[in-house]
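1. Just a sequence and a predicted model for now, questions to come.
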Amino acid sequence: MNRLETDVIVIGGGATGAGVLRDLALRGVKAVLIEKNDLASGTTGRNHGLLHSGARYAVKDKESASECIRENRILKKIAFHCIEDTGGLFVTLPEDDPGYHLRLIKGCADAGIKCEVIEPEKALQIEPNLNRTIVNALKVPDGTIDPFRLAASNVIDATGRGAMVFTHTKVEHLIYNQTTITGVRCFDKLNKKSLEIFGNVIINATGAWSRDICESAGINLNMLPSKGSMVIIDYRINNVVINRCRKPSDGDIFVPGDTVSLIGTTSKTIPHNKLDDPVVDDDEIKVLLEGGKKLIPNISKARLLRAYCGIRPLVSISEDADGRDISRGIVLIDHKKRDGVDNFITIAGGKLMTYRLMAQMAVDLALNKLNVSKKCKTHKVPLPGSEKKVPGHKKIKYFSGISESVVGSTHFRHGERVHQILKKDPKNYGLICECEMVTAGEIGYAFSDLYAKDLVDLRRRTRLGMGPCQGTLCAYRAAGVLSECTDTDEDKATEQLIDFLEERWKGIKPVLCGDALREMEFTYWIYEGLFGLGGLVKS
Ligand SMILES: Cc1cc2nc3c(=O)[nH]c(=O)nc-3n(C[C@H](O)[C@H](O)[C@H](O)COP(=O)(O)OP(=O)(O)OC[C@H]3O[C@@H](n4cnc5c(N)ncnc54)[C@H](O)[C@@H]3O)c2cc1C
């Protein structure tokens with residue numbers, strides 16, 4: 001049994017856990033993060049990627065709205081390479097309650113969110129695909145944020161400052177001495193080894209899974225996991241975030257992201273035992289498309305790329321689990337105060353948008369327990385990739401032999417790190433994924449520097465396979481690069497290729513009709529007809 005000691009143990013490698021690890025590292029505290037799958041493989045990698053202005057909450061929840069706009073301003077400074085400052089619109093359709101438009105203007109003013117009334121014609125110029133019958137329009141500072149880049153940037157900054165990270169490692173039990181938690185027992189799934197880590201404070205940042213970790217300490221935490229599904233369209237049908245101006249509901253938001261757009265979302269409470277493998281239901285796709293068509297009628301002609309869902313980590317603070325008092329805000333629990341269990345903290349709820357603030361709150365409490373007084377710096381220190389604002393990719397001239405668009409895409413994904421990725425060796429300039437312009441060099445960098453352990457992780461670091469072909473033309477090339485730049489042998493690389501295709505298949509299956517079906521058949525011919533992958537049995 002391997003054994004390790006540290007000051008603080010962070011469980012969960014979503015945005016919250018990654019943010020906690022970075023905050024600790026910036027305050028000079030030794031810390032270890034444990035994630036059972038990959039970074040951002042939980043809810044962090046399964047949401048809209050909306051950089052909220054707060055307007056979506058402004059009518060009903062002023063506190064969340066104010067939190068969002070404050071964090072929106074901070075993230076635009078410290079994490080701009082993860083953000084597209086697209087702006088957003090709220091539009092009213094003829095059948096919507098016209099009073100909501102006025103309540104939203106007031107709510108935004110109360111929360112300090114800039115909200116500009118514009119003529120419907122102006123909104124149609126900004127978004128030519130919008131429903132032409134809109135009666136009112138508002139402009140707000142919404143944007144988009146890439147959750148994969150955000151989590152990875154937090155982690156690489158933390159590890160650069162001495163923190164440690166174990167991915168694909170599951171916390172199986174908390175170790176405790178009477179009423180004090182002293183460590184965790186974990187299982188490293190890749191190397192099939194157990195590991196014990198001891199620390200003075202343990203922070204539970206496992207989102208929707210927080211109840212399981214608490215149970216291991218004999219603590220009851222009521223959660224109401226709520227599933228939300230989203231559908232992706234194969235191109236950017238909208239330029240800015242489009243919200244329907246009414247009480248948030250199903251199918252009322254379009255968010256552009258990288259090369260695609262998505263329609264969100266639904267809300268369905270699901271049983272706790274379905275957290276690990278939630279599926280998108282047919283009725284959700286129907287509701288999303290019907291709602292989406294009202295905002296952008298053209299989506300009926302678009303190809304659907306895939307559908308996916310995430311679980312909202314909703315915590316019920318009281319014992320009453322009927323949902324009436326369920327909190328959608330940030331929940332910080334000092335288990336010493338609440339349950340008499342020492343050295344144990346849970347941080348859950350909130351939003352991707354508020355991950356930094358959640359981390360700050362959890363670390364303030366942890367440092368209080370450690371009797372350390374160091375101030376939070378995460379609102380000031382830029383993340384790796386956002387150190388210096390380079391306008392576009394024009395200044396990156398010295399990469400001869402590589403097209404501007406490839407440099408631009410790499411810069412878009414990794415910010416300032418583009419230099420590190422592309423300056424290495426021209427032989428790495430070869431394009432592996434044409435949809436997202438991912439080079440062999442970027443793949444090598446993801447495996448060497450960004451904690452990618454397999455092809456599915458690689459997708460989260462680079463977007464390889466996320467574009468219109470969904471991995472059809474790049475997955476087998478990526479498997480080749482994987483075996484060249486890591487110690488993965490050919491058989492294992494082939495197994496990873498099968499896992500990658502299975503993972504893509506899960507998202508394509510719910511929208512399998514029309515062009516998506518034709519594309520899938522093409523993929524099948526390549527991988528089954530040409531490579532015979534279906535006949536291979538995994539060891
Ligand atoms: C449909 C939907 C849309 C949303 N849209 C937005 C949006 O547009 N903007 C926004 O700001 N927010 C949005 N949210 C909310 C946001 O996604 C979440 O609040 C946020 O991502 C939660 O992050 P987290 O790190 O707390 O949890 P997670 O990302 O779920 O991280 C928890 C991690 O803990 C790991 N874990 C669990 N158990 C163990 C264990 N035993 N050992 C080790 N690791 C473990 C999990 O694998 C997981 O990676 C949305 C949520 C949903 C569901």
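-> Perfect, thanks for sending it. Residues are numbered from 1 along each chain as shown.
2. G480 and A493 touch, don't they?
-> Yes - the pair G480 / A493 is scored as a contact, 7.4 Å apart, by Cβ atoms under 8 Å. C-beta here means a position set from N, CA and C on the backbone, and glycine is covered the same way.
3. Among those two, which residue is more densely surrounded?
-> Each of G480 and A493 has its neighbours counted (other Cβ atoms under 10 Å); A493 has more, 20 against 15.
4. Within the helices and strands, which one has that one?
-> Taking DSSP states H and E as the definition, A493 sits inside helix 490-508.
5. So which bits of that helix are buried?
-> Using 16 or more other Cβ atoms under 10 Å as the test for burial, helix 490-508 gives 492-498, 500-501, 504-505, 507-508.
6. State the distance from the residue nearest to L51 when sequence neighbours are not counted to the ligand.
-> Closest residue to L51 apart from its sequence neighbours, by Cβ to Cβ, 6 or more residues apart in numbering: G143 at 3.8 Å. Taking Cβ to the nearest ligand atom, to the nearest Å as the measure, G143 and the ligand are separated by 10 Å.
7. Check T354 too.
-> Per Cβ to the nearest ligand atom, T354 is found 7 Å from the ligand.
8. isn't there a helix covering that residue?
-> Yes - under DSSP: H, G, I helix; E, B strand; the rest coil, T354 sits within a helix.
9. got the residues of the stretch 201-350 of the chain near the ligand?
-> Applying Cβ under 6 Å from any ligand atom, one finds that the stretch 201-350 of the chain approaches the ligand through A205, T206, G207, A208, W209, G228, T265, G310, I311, R312, P313, G350.
10. Please repeat the previous calculation with a cut-off of 5 Å.
-> By Cβ under 5 Å from any ligand atom, the residues of the stretch 201-350 of the chain that approach the ligand are T206, G207, W209, G228, T265, G310, R312.
11. before we move on, the earlier item: other SSEs contacting the helix holding A493?
-> If contacts are counted by 3 or more Cβ pairs under 8 Å, 6 or more residues apart in numbering; DSSP states H and E, helix 490-508 sits against strand 304-312, helix 455-462, helix 475-485, helix 514-524.
12. where exactly do the helices run in the stretch 101-250 of the chain?
-> Remark: helices assigned in the stretch 101-250 of the chain by DSSP state H, counting those that start in this stretch are 120-126, 147-160, 210-215.
13. Check those helices for me and report the most buried one.
-> Each of these was scored by mean neighbour count; the highest is helix 147-160, a mean of 25, by mean count of other Cβ atoms under 10 Å.
14. Quick check: mean pLDDT of that helix?
-> Mean pLDDT, computed over helix 147-160, is 97.
15. Now do it: which elements does it pack against?
-> If contacts are counted by 3+ Cβ pairs under 8 Å, 6+ apart, helix 147-160 sits against helix 15-26, strand 31-34, strand 164-166, helix 455-462.
16. So which elements touch the next helix or strand after the second one?
-> Taking DSSP H and E as the definition, the helix or strand that follows strand 31-34 towards the C-terminus is strand 50-51. Secondary structure elements in contact with strand 50-51, counted by 3+ Cβ pairs under 8 Å, 6+ apart, are helix 62-78, strand 143-145.
17. Now do the strands in the stretch 101-250 of the chain.
-> Using DSSP state E, counting those that start in this stretch, the strands of the stretch 101-250 of the chain run over 116-118, 136-140, 143-145, 164-166, 169-177, 180-188, 193-198, 201-204, 222-223, 226-233, 241-244.
18. can you tell which of those strands is closest to G529?
-> In terms of Cβ to Cβ, the element of these nearest to G529 is strand 226-233, at 26.5 Å.
19. Tell me who's in contact with M230.
-> The contact partners of M230, by Cβ atoms under 8 Å, 6 or more residues apart in numbering, come to N47, H48, L262, I263, G264, T265, L288, A307, Y308, C309, G310.
20. Of those residues - the most surrounded one?
-> For the contacts of M230, neighbours tallied by other Cβ under 10 Å; top is I263, 31 neighbours.
21. Looks to me like it is in a strand.
-> Yes - assigned with three-state DSSP, I263 falls within a strand.
22. And for it, nearest residue in space, chain neighbours not counted?
-> I263's closest residue in space is G292 (Cβ to Cβ, 6+ apart), at 4.0 Å.
23. Now the stretch 1-150 of the chain against the ligand: closest residue?
-> G14 (2.2 Å; Cβ to the nearest ligand atom).
24. residues contacting that residue?
-> Neighbouring residues of G14 by Cβ under 8 Å, 6+ apart: L39, A40, G42, T43, T44, G45, A151, A205, T206, G207, Y355.
25. returning to what we had before: using TSV, please lay out the helices and strands packed on helix 490-508 together with mean pLDDT.
-> Listed next are the helices and strands packed on helix 490-508 as TSV, based on pLDDT from 0 to 100:
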stretch	mean pLDDT
strand 304-312	95
helix 455-462	96
helix 475-485	94
helix 514-524	89
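26. will you turn those into TSV that also has distance to D85?
-> Output for the helices and strands packed on helix 490-508, formatted as TSV (distance: least, Cβ to Cβ, whole Å):
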stretch	distance to D85
strand 304-312	24
helix 455-462	22
helix 475-485	31
helix 514-524	31
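27. quick one, which of the ones you listed is packed in tightest?
-> helix 455-462 (a mean of 25).
28. and that one with the ligand, contact?
-> No - figure legend: helix 455-462 not in contact with the ligand (Cβ under 5 Å from any ligand atom); closest approach 11.0 Å.
29. just to revisit the earlier point, of all the contacts of G14, which comes closest to Q470?
-> Using Cβ to Cβ, G45 is the member of the contacts of G14 that lies nearest Q470, at 16.4 Å.
30. residues in contact with the closest one?
-> Contacts of G45 by Cβ under 8 Å, 6+ apart are G14, P147, F148, A151, G310, R460.
31. Please repeat the previous calculation with a cut-off of 6 Å.
-> The contact partners of G45, taken as Cβ atoms under 6 Å, 6 or more residues apart in numbering, are P147, F148.
32. before we move on, what about A151?
-> When contacts are counted by Cβ under 6 Å, 6+ apart, A151 is found next to A15, A18, L39, A40, T44.
33. Can you name the two of the residues you listed that sit furthest apart?
-> Maximum distance among these (Cβ to Cβ): 9.2 Å, for A15 and L39.
34. The residue nearest to I263 - how many residues pack around it?
-> Neighbour count of G292, defined by other Cβ under 10 Å: 28.
35. Same check on A205?
-> 31.
36. Domain boundaries for this structure, per the record?
-> 2-43+148-223+316-370, 84-144+226-312, 404-535 (automatic domain parsing).
37. Which stretch among the ones you listed is buried most, on average?
-> Most buried of the domains of the chain by mean neighbour count (mean count of other Cβ under 10 Å) is domain 2-43+148-223+316-370; its value is a mean of 21.
38. Quick check: the gap between A348 and E284.
-> 24 Å (Cβ to Cβ, to the nearest Å).
39. And the spatially closest residue to Y429 that is not a sequence neighbour, how close does it get to A440?
-> Among residues not flanking Y429 along the chain, I402 sits closest, at 4.6 Å (Cβ to Cβ, 6+ apart). Separation of I402 from A440 (Cβ to Cβ) stands at 12 Å.
40. before we move on, what about L138?
-> The gap separating L138 from A440 is 45 Å, by Cβ to Cβ.
41. And for I213?
-> I213 is 39 Å from A440, by Cβ to Cβ.
42. same deal with E404?
-> 18 Å.
43. do V155 as well
-> From V155 over to A440 (counting by Cβ to Cβ), the distance is 23 Å.
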